[in-house]
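Asks: Show me how the following folds:
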Amino acid sequence: MDFKKGDRVRHKMEPSWGLGEIIEMTGGPYCKIFFVNQGEREIGINYMENLIKVKNKEAAHPLLDNLKLPDKSKKIKFTSMGNLVNSFFKIFPKGFYDEKYLRQERDYKVEAHNLMSGLLNKSDFGDLLSQNEYEEISHNALKIVNKTNLVFPNEKMALKDGLKSAENKKLFSTSLFGVLYGSGELSERFESFAGCLERINAAKWTTQTYFLFIAFPERYMFMKPSVTQSAADAFAFELHYRPDINWKSYESLLCFSRYVSEELTKIDEYLKPRDMIDTQGFIWSSAPGKYIA
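Replies: Numbers count the residues shown, from 1 in each chain. Now for the predicted structure:
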């Protein structure tokens, strides 16, 4: 059977490696294949008969569809989900129900969500807007941001400084309501909120994604650029990250988060994410230099 770069394959003798993609056909004695559970492997041309070509729906895989091959000049290397899970369990033996995990990674974010639900739920937020209570909306938003350490202190200060004028409070209030509760495509609302933060000199990925994550942890993810990029690199997942806030990067982050959530659900009942707070906790812990070495 003829093979070419980009073909999706499985290895007859190593089914645990999972689905793979041929990433290099050099014409020499080896070809290079990236397997989702094993990373990059060299297969001798004489042993290609051990490969089964996979097509159509069976060839689809979130990681291979968004594959970012590890940069060999960097220290971050691909780590299989199995190894990441093993490392996670060493730190949190009961997974997402471990007392240490709840204390360090989950409970305070849930508290922020509850505060958000109490202060800026759709109904109350809408009432405040209709009464032009931009001061109170901005005050509540800052209170919610200050509830956690997810946004850096200097970024919190930038938002606070940006909300000093009445004009900026109004712009921020209407834009925040729009991204959280507005109609229309999320991509358009996301970009509109990004424009608002740019205008008030508070355009940071953390601030941009914080409110969606805290308001709707069942759907949306938080972006802390350096940690998220490092974790995605460890997974070999392409984030399409750019420093400027943009929808493509965030859409890729949502895809990455769903992939991690779905894979964790398959592995162990103690690692079935209740929401993206758990998924974010696992991604954070998977970043090289955090919990997992």
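Asks: got the contact list for the nearest residue in space to Phe89 that is not next to it in sequence?
Replies: Spatially, and ignoring its direct neighbours in sequence, Phe89 is nearest to Gly95 (6.6 Å; Cβ to Cβ, 6 or more residues apart in numbering). Heads up, the C-betas are built off the backbone N, CA and C, glycines and all. Neighbour list for Gly95: Phe88, Phe89, Tyr101, Asp268, Tyr270, Leu271 [criterion: Cβ atoms under 8 Å, 6 or more residues apart in numbering].
Asks: Would you mind pointing out the helix or strand the second one falls in?
Replies: Spelled out, that is Phe89. Assigned by DSSP states H and E, Phe89 falls within helix 81-91.
Asks: What lies in contact with that helix?
Replies: By Cβ under 8 Å, 6+ apart, helix 81-91 touches 37, 95, 100-101, 234-235, 263-264, 267-268, 271, 282, 285-286, 291-293.
Asks: Those residues in helices, which ones?
Replies: Here DSSP state H is the test, and the contacts of helix 81-91 give Lys100, Tyr101, Ala234, Phe235, Glu263, Leu264, Ile267, Phe282, Ser285, Ser286 as lying in helices.
Asks: Tell me which two of these sit farthest apart.
Replies: Lys100 and Phe235 (23.5 Å; Cβ to Cβ).
Asks: if you count what's nearby, which of these two comes out ahead?
Replies: Phe235 (25 against 11; other Cβ atoms under 10 Å).
Asks: Who are the contact partners of the more buried one?
Replies: Leu63, Phe78, Thr79, Met81, Phe256, Val260, Ser286 are the contacts of Phe235 under Cβ under 8 Å, 6+ apart.
Asks: hmm, back to that, just the buried residues of the helix holding Phe89, please?
Replies: By neighbour count on 16 or more other Cβ atoms under 10 Å, the buried set for helix 81-91 is Met81, Leu84, Val85, Ser87, Phe88.
Asks: what helices or strands is the helix or strand harbouring Asp107 leaning on?
Replies: According to DSSP H and E, Asp107 maps onto helix 107-119. Applying 3 or more Cβ pairs under 8 Å, 6 or more residues apart in numbering; DSSP states H and E, one finds that helix 107-119 contacts helix 134-145, helix 205-215, helix 276-286.
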